[in-house]
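Enquirer: test case, fold it:
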Amino acid sequence: MNIFTSPDVIQEFTRVYLAIFYTVVALFYTVRIITLKRSTGMERVYHGPFMSPNWWHHKVFGVFRVTIWMVCLVRWLSPSTDSYLGIFPAISSSWSLMLGDILLTFGFAWTLWTHFSLGRQWTSGISQIGPTKLVTQGVYHYSRNPIYIGVLVSQFGFVLALPSWFSVLCFAIGVTTILRQTREEERHLAQIFPKEYPVYQAQVPRWL
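Expert: This is a model prediction of the structure:
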């Protein structure tokens, strides 16, 4: 049997890969936020007023991302954890797992590319004093929310890489939170740029 399509080999590879992947994601954003804050002297993450929609979205998204990370680490160290996640054996094929790994990686790579294309303008959440410039160049010429597209692709990849009730629940939470946060951010941008943003909305789709 080809080791690259062997269910056992692919399953174990994916188990390790998920743990490493989410650890790298956590480290990247931690380091990136700290270095950007130091270089610009400005906050990079804005939670908004207590109990506001933006605050809730950040808290929910943060909790579920940390939960995914912890679960992936635990199931790497203790494979028996799978019995508590509601695994779907019928779709846990080698090809499904590999496709999940690929989409997970592609989504994160897309997010990184878009993230770095913003340079020092990147922030997370809604700042009450910004942004000072409406970005419409590059990939933003084709989509108003390219970073969220990458996150959603990556999250769907997670469902395939760990087909289970747990990953489906995480996907549902992630999609709901992103859709709600997108509306909040676009409402904010329309207030900051009352002339430019409606024109931008009319010319560029929310997603693709």
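Enquirer: the helices in the chain, which residues?
Expert: 7-40, 53-77, 94-117, 146-161, 165-192, 196-203 (DSSP state H).
Enquirer: nearest to G138, out of these?
Expert: With Cβ to Cβ as the criterion, G138 lies closest to helix 94-117 of the helices of the chain, at 5.2 Å. Using the backbone N, CA and C atoms, a C-beta is placed for each residue, glycine as well.
Enquirer: distance check, the residue nearest the centre of the chain against E43.
Expert: Nearest to the mean C-alpha position of the chain, counting by Cα atoms, centre = their mean, stands V151 at 3.1 Å. As judged by Cβ to Cβ, to the nearest Å, V151 and E43 stand 21 Å apart.
Enquirer: likewise L18?
Expert: Taking Cβ to Cβ as the measure, L18 falls 31 Å from E43.
Enquirer: please apply the same query to W56.
Expert: In terms of Cβ to Cβ, W56 sits 19 Å off from E43.
Enquirer: cool, W110 as well?
Expert: Distance of W110 to E43, computed by Cβ to Cβ: 25 Å.
Enquirer: looking at these two, which is more packed in?
Expert: Applying other Cβ atoms under 10 Å to W110 and E43 shows that W110 carries more neighbours, namely 18 against 15.
Enquirer: excluding covalently adjacent residues, which one is nearest to that one?
Expert: Leaving aside its chain neighbours, W110 sits nearest to G150 (3.7 Å; criterion: Cβ to Cβ, 6 or more residues apart in numbering).
Enquirer: for that neighbour, give me its contacts.
Expert: G150 makes contacts with 107-112, 114, as judged by Cβ atoms under 8 Å, 6 or more residues apart in numbering.
Enquirer: again with V168
Expert: V159.
Enquirer: and it, what pLDDT?
Expert: Looking at V168, its pLDDT reads 97.
Enquirer: also the one 4 residues further on?
Expert: Among the per-residue scores, A172 shows a pLDDT of 96.
Enquirer: M1 now?
Expert: Looking at M1, its pLDDT is 47.
Enquirer: in the chain, which ranges drop under the pLDDT threshold?
Expert: The chain contains residues with pLDDT under 70 at 1-5.
Enquirer: again, only this time at 90
Expert: Applying pLDDT under 90 to the chain flags residues 1-9, 39-44, 47-50, 89-93, 118-123, 127-133, 208.
Enquirer: and for the spatially closest residue to A190 that is not a sequence neighbour, the neighbour number?
Expert: Distance criterion Cβ to Cβ, 6+ apart; nearest residue to A190, sequence neighbours excluded, is Y197 at 4.8 Å. Y197: 19 surrounding residues under other Cβ under 10 Å.
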